[in-house]
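Q: With the input below, show me the fold.
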Amino acid sequence: MTLSEYKNLIDAKLSEYFKADDMPQKGLFDSMRYSLNAGGKRIRPILVLEFCAIAGGDIDKALPAACAIEMLHTYSLIHDDLPCMDNDDLRRGKPTNHVVYGECTAVLAGDALQAEAFGTILRSELPAAARADCARILADAVGADGMCGGQYLDMIGENKILSEKELDEINSRKTGALLTAACMMGVAAAGGNDKQLEAAGMFGAAIGAAFQIRDDMLDVISTSEQLGKPIGSDAEENKNTYMALLGPERCMEMIQTLTQNAKKVLTTAFDDTELLCELADSMVTRLN
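A: From the prediction side, this is the model:
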């Protein structure tokens, strides 16, 4: 499959979730669907499906797990945008969830999407061992030592000057952990071996780091139209970023090195790596 074919498959499946016109809590479902179907590149679910495919698995059975990680990612974006966090009014060119539905409903929509992510995995047709492995990998990636831990470190690092090592500690959890989980979940869904799991994890960590560095660059070099939200907010709020710490040339060098390392590690465990290499390369020059 191509990247666009994967995205179309994922978008179609995501549109099937949380339809509840006849339920009293319809407003909550509407809020969940609003952010879940607001667009996006669907990188994380694509990684689940492609790693499942190259590890010899069935992508149809893995599709709910792929959708689950997008639910989890969407929950994190809803909460990131809240007034108590980044206080953003735009996401992907559209008003953020709390702007449309109110802060309380947005919080609950994020909470519900997090729970439904695990429920979607556990209700899937994957073998029981694969369901358990996928749920464990996702839980490890988003808990206190994963995404939430990274968000906490990011919060307490505000108004401080952080080192590159401290930035790595934050971003390997806040951004990298979920991308790493996506790759490993794909292998787990296929019942892949330990070598494949290790290579998938290393690939995910490398592209996760590259993804965050590119994000920091885009807040400076992109446009509001391309990014779908205001640019320059990192500098205005004195946020710790790779761009502020290292400058554009060093950031681009790091992205290129990380991307090459990511592509190289794939060859240690997989034969068909073309699409994943294409995806890794696309992160180097992306504008949104």
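Q: ok, then the element right after the lowest-mean-pLDDT helix or strand in the chain?
A: Here the helix or strand of the chain ranked lowest by mean pLDDT, DSSP states H and E is helix 233-236, holding a mean of 62. Following helix 233-236 in sequence order, the next helix or strand is helix 242-246 (DSSP states H and E).
Q: could you give the mean pLDDT of that following helix?
A: For helix 242-246, the mean per-residue pLDDT is 90.
Q: For it, buried residues please.
A: By 16 or more other C-beta atoms under 10 Å, the buried positions in helix 242-246 come out as 242-246. C-betas here are computed from N, CA, C, even on glycine.
Q: Reformat the residues you listed as JSON lines; add distance to Lys41.
A: Output for these, formatted as JSON lines (distance: C-beta to C-beta, whole Å):
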{"residue": "Tyr242", "distance to Lys41": "20"}
{"residue": "Met243", "distance to Lys41": "21"}
{"residue": "Ala244", "distance to Lys41": "25"}
{"residue": "Leu245", "distance to Lys41": "26"}
{"residue": "Leu246", "distance to Lys41": "25"}
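Q: Just name the closest of those residues to Asp133, please.
A: In terms of C-beta to C-beta, no member of the buried residues of helix 242-246 lies closer to Asp133 than Tyr242, at 32.5 Å.
Q: wait, that closest one sits on Leu218?
A: No: at 11.4 Å, Tyr242 and Leu218 do not qualify as touching, with contact defined as C-beta atoms under 8 Å.
Q: The nearest residue to Tyr101 once chain neighbours are set aside - how many residues pack around it?
A: Take Tyr101 and drop its neighbours on the chain: the residue closest to it by C-beta to C-beta, 6 or more residues apart in numbering is Ser31, 4.3 Å away. Ser31 has 26 neighbours, counted by other C-beta atoms under 10 Å.
Q: residues touching Ser31, list them.
A: By C-beta atoms under 8 Å, 6 or more residues apart in numbering, the residues touching Ser31 are 97, 100-101, 105-106, 108-109.
Q: Now with 10 Å, please.
A: 18, 25, 78, 97-98, 100-102, 105-110, 112-113 (C-beta atoms under 10 Å, 6 or more residues apart in numbering).
Q: For whichever strand or helix holds it, C-alpha coordinates in CSV please.
A: Assigned by DSSP H and E, Ser31 belongs to helix 26-36. The C-alpha trace of helix 26-36 is given here as CSV (Å, rounded to 0.1, in the frame of the first residue of the first chain):
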residue,chain,number,x,y,z
LYS,A,26,-24.3,12.8,22.2
GLY,A,27,-22.4,16.1,22.8
LEU,A,28,-19.5,14.2,24.3
PHE,A,29,-19.4,11.8,21.3
ASP,A,30,-19.6,14.8,18.9
SER,A,31,-16.6,16.4,20.7
MET,A,32,-14.6,13.2,20.4
ARG,A,33,-15.4,12.8,16.7
TYR,A,34,-14.7,16.5,16.0
SER,A,35,-11.0,16.1,16.9
LEU,A,36,-10.6,12.5,15.8
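Q: Next secondary structure element downstream of it?
A: Next element after helix 26-36 (DSSP H and E): helix 43-54.
Q: so what secondary structure elements neighbour that following helix?
A: Here helix 43-54 touches helix 3-14, helix 59-80, helix 177-190, helix 194-221, helix 274-285, going by 3 or more C-beta pairs under 10 Å, 6 or more residues apart in numbering; DSSP states H and E.
Q: Next, the angle helix 274-285 makes with that helix.
A: Counting by axes from the mean of the first three to the mean of the last three C-alpha atoms, to 10 degrees, helix 43-54 lies at 160 degrees to helix 274-285.
Q: Just give me how far helix 43-54 sits from the chain centre.
A: Centroid separation for helix 43-54 versus its chain: 12 Å, with C-alpha atoms, centre = their mean, to the nearest Å.
Q: next one: stretch 257-264
A: Taking mean C-alpha positions (C-alpha atoms, centre = their mean), stretch 257-264 and its chain are 19 Å apart.
Q: what sits up against it?
A: So stretch 257-264 is contacted by 183, 202-214, 273, 276-284 (C-beta under 10 Å, 6+ apart).
Q: Of the residues you listed, grab the buried ones for ChimeraX.
A: To isolate in ChimeraX the members of the contacts of stretch 257-264 that are buried, counting by 16+ other C-beta under 10 Å, one can use:
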select :183,202,203,204,205,206,207,208,209,210,211,212,213,214,273,276,277,279,280,283
